[in-house]
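> pasting the structure only:
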């Protein structure tokens, strides 16, 4: 009996010590989180004030240098504020609207500095400055409760959880949404880009579920006699499509096919892939061409392929015009198994609605003047790609090698008319 | 005198015969039959890089990925050996390369398996060319089994992080559902409403339940990595969705108000 009491006392003591330790650890973690979030919130609030001031200051100047310094500040501050907002435990709606609005201000500052269109900046920012003041005030009121609790984590956590229900935050979310729409309406090219993304211009004849399966089986004949489950996209989807799920032997996968016109958007099949690598890279090229032809894609060429553990991933692009320029936004991707060369995937989402290509002047470029000595242009071709404004531009694509011991290689894309650098990528 | 001359000729022919038989045996054991070009990967590429490094043409990492560094090194070799310069490892280039270089396959594989930083130059003893621990510079090797070739804009760290997120969020879902979760992360990367990096998107507070409940730290399986790889290569079963939720557990009225696109497994994907 006495022993049992001793044992029980030791067990209670040990349990007490353990729970004390755990409680201490939890407290420490709470304090760390509380400190980090408070820091992020303070930084966000201060950056918002600085951004507001900076936008107002930019309205003072006409001098190019003075204005460019301010625009540079605004671009940097908007990036910092986005980072602070993204690290706060805000509701999804508030965080998203903040990020979009602040991002738009930064993007406008970058464009104004790049293009030198200061008049448009001044016109737009007069309104934005005033809206930022309203938002700044509302933000101060809404977040004041976060600083009230003197380190009481549970109260603070309750404030966070109730945040979406508070009128102040609802106001901020609503105002941000309205200001985004009025202060930064979509440009024509952004609107075109969205339309393309939402396949709004597809007006082909509608097909049935059975016809959709036939489309899939034409592209992937091995799927004949598979077990299919076909559903239609939800009513809210921006374009209607059939979602086909299939099972055949060890293959399980899906395909999405548009209701209008029966265009395949994507197809992916999963099956165990054997270790043996029976297909060479040359076979893969031939197979890719055969699969493309079979699917009716006659105007595409392989632009890149990557051998991975189980499959090859191949990227193709539409070829256009006398220069055989690659139209990168009209690409199709394929996945082909390494063991048998079977088509495991096809993604033609971007190809379905082809880009409209406009005439564009081409100005010659002297690469010796463009690049530093020691840089060699190894390959050059014409391509179409989108610039930051979502405009399709005819460009030079250059593979440039820097003459050092690692032969570092870069892909440089330069607008063929303006000679603006659109993209630089380090090629491994 | 004639006898001595004959003996010398026999000796020279004998040495030449032995030397060429050594070359033949090296050929037999070197490389597989396939051609290698930009985009190839695997053990043959490891051997190619090691042999080119032996001769001083290749100074990069021996990682089994035939990228531009390997391509220029191979072209330089072809040029110096007077072979047609095409940057492709075909039979003629293979024969010349095998004759001109040495490849210590077992040693190289051992370095890679141990994650050592190493090089394979011919003018320095191999023992002096290795350091313990994984390295990313110079000729540091890495485990070939984990090597993947990604589109230029993504890194292996992105792949790893996304695989963790996909495994934590959707390991019980069909493969399509796993690719879909990865595609949502990548769609957010394109959207102005979300942060600018994959890491910030995944760790954004309240963005993913796997982060909140710690399941993101589970070790992802090969299937989750494959799903991320497919999404990075362009597949998007969600048709541009930015959100998803489980209709059985979601309580937020906001998420229910989003325009829905389609359901995959337990998740509804929406804008």
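On my side now, so go ahead. Model, not experiment: these values are computed from the prediction.
> Within range of chain B, give me the residues from the stretch 151-300 of chain A.
Residues of the stretch 151-300 of chain A found near chain B (Cβ under 8 Å from any Cβ of the partner chain) are A:164, A:197, A:231, A:233-239, A:241, A:243, A:245, A:252-254, A:256, A:265-266, A:268, A:270, A:277, A:280-282. Placement of C-beta: from N, CA and C, glycine included.
> Quick one: buried ones out of those?
Among these, those classed as buried by 16 or more other Cβ atoms under 10 Å in any protein chain shown are A:164, A:197, A:233-234, A:237-239, A:241, A:243, A:245, A:252-254, A:256, A:265-266, A:268, A:270, A:277, A:280-281.
> which residues of chain B score low on pLDDT?
Within chain B, the ranges that satisfy pLDDT under 70 run B:1-29, B:133-147.
> Outline the domain layout of it.
Chain B breaks down by automatic domain parsing into domains covering B:29-146, B:156-270.
> Would the shortest one count as contacting chain A?
Yes. Domain B:156-270 comes into contact with chain A (Cβ under 8 Å from any Cβ), by way of B:174-176, B:179, B:192-196, B:200, B:204-207, B:226, B:229-230, B:233-237, B:239-240, B:243, B:254-255, B:259-264, B:268, B:270.
> Specify the local secondary structure of residue A:384.
With DSSP: H, G, I helix; E, B strand; the rest coil as the basis, residue A:384 sits in strand.
> Skipping its backbone neighbours, what lies nearest it in space?
Distances taken as Cβ to Cβ, 6 or more residues apart in numbering or on different chains place residue A:327 nearest to residue A:384, at 4.4 Å, with adjacent residues excluded.
> likewise residue B:215?
That would be residue B:168: by Cβ to Cβ, 6+ apart, it lies 3.8 Å from residue B:215.
> How many residues are close by that neighbour?
Other residues lying near residue B:168 total 22 when counted by other Cβ atoms under 10 Å in any protein chain shown.
> how close does the nearest residue in space to residue A:58 that is not next to it in sequence sit to residue A:114?
Among residues not flanking residue A:58 along the chain, residue A:70 sits closest, at 4.2 Å (Cβ to Cβ, 6+ apart). Distance, residue A:70 to residue A:114, using Cβ to Cβ, to the nearest Å: 15 Å.
> need the contact list for residue A:201.
Each residue near residue A:201 by Cβ atoms under 8 Å, 6 or more residues apart in numbering or on different chains is listed here: A:195, A:353.
> ugh, typo on my part, it should be residue A:82
A:98, A:99, A:102, A:103, A:106, B:195, B:196.
> Next, the residue nearest to residue A:58: phi, psi?
Residue A:70 has phi and psi values of phi -70, psi -40 when expressed as degrees, to the nearest 10.
> circling back: let's test this: what are the backbone torsions at the residue nearest to residue A:384?
According to degrees, to the nearest 10, residue A:327 has phi -100, psi 90.
> what's the burial count for it?
When neighbours are counted by other Cβ under 10 Å, residue A:327 comes out with 23.
> what sits against it?
Listed by Cβ under 8 Å, 6+ apart, the contact partners of residue A:327 are A:317, A:318, A:319, A:320, A:354, A:355, A:357, A:383, A:384, A:392.
> ranges for the strands of the stretch 151-300 of chain A?
Remark: strands assigned in the stretch 151-300 of chain A by DSSP state E, counting those that start in this stretch are A:227-232, A:241-248, A:251-258, A:264-270, A:300-307.
> Quick check: which of those strands is nearest to residue A:10?
Judged by Cβ to Cβ, the one of the strands of the stretch 151-300 of chain A that comes nearest to residue A:10 is strand A:264-270, at 55.6 Å.
> From the contact counts, what lies against that closest one?
Applying 3 or more Cβ pairs under 8 Å, 6 or more residues apart in numbering or on different chains; DSSP states H and E, we find strand A:264-270 packed against helix A:209-219, strand A:251-258, strand A:343-347, helix A:349-352, helix B:175-190.
> how distant is that strand from the center of its chain?
Relative to its chain's centre, strand A:264-270 lies at 21 Å (Cα atoms, centre = their mean, to the nearest Å).
> and that strand with helix B:175-190, angle?
With axes from the mean of the first three to the mean of the last three Cα atoms, to 10 degrees as the basis, strand A:264-270 and helix B:175-190 are set at 130 degrees to each other.
> hmm, back to that, in ChimeraX, how would I select just the buried ones from the residues of domain B:156-270 next to chain A?
Remark: buried members of these, expressed as a ChimeraX selection using 16+ other Cβ under 10 Å:
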select /B:174,175,176,179,192,193,194,195,196,200,204,205,207,226,229,230,233,234,235,236,237,239,240,243,255,260,261,262,263,264,268,270
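> Among the residues of domain B:156-270 next to chain A, which ones are in helices?
Under the assignment DSSP state H, the residues of domain B:156-270 next to chain A contribute B:175, B:176, B:179, B:200, B:226, B:229, B:230, B:254, B:255 to helices.
> Would you mind putting those into JSON lines with distance to residue A:371 alongside?
Converted to JSON lines, those look like this (distance: Cβ to Cβ, whole Å):
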{"residue": "B:175", "distance to residue A:371": "45"}
{"residue": "B:176", "distance to residue A:371": "45"}
{"residue": "B:179", "distance to residue A:371": "40"}
{"residue": "B:200", "distance to residue A:371": "34"}
{"residue": "B:226", "distance to residue A:371": "39"}
{"residue": "B:229", "distance to residue A:371": "34"}
{"residue": "B:230", "distance to residue A:371": "36"}
{"residue": "B:254", "distance to residue A:371": "51"}
{"residue": "B:255", "distance to residue A:371": "50"}
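> Residue A:104 and chain B: what is the separation?
Plainly put, residue A:104 is 7 Å away from chain B if you go by Cβ to the nearest Cβ, to the nearest Å.
> Assess the claim that that residue and residue A:182 are in contact.
No. Counting by Cβ atoms under 8 Å, residue A:104 stays clear of residue A:182, with 11.4 Å between them.
> which residue packs closest to residue B:266, ignoring adjacent ones?
Going by Cβ to Cβ, 6+ apart, residue B:266 has residue B:246 as its nearest residue, at 5.2 Å.
> Spit out the contact partners of the residue of the stretch 151-300 of chain A found nearest chain B.
The minimum distance from the stretch 151-300 of chain A to chain B, using Cβ to the nearest Cβ, falls at residue A:236 (3.5 Å). Going by Cβ under 8 Å, 6+ apart, residue A:236 touches B:259, B:260, B:261, B:270, B:271.
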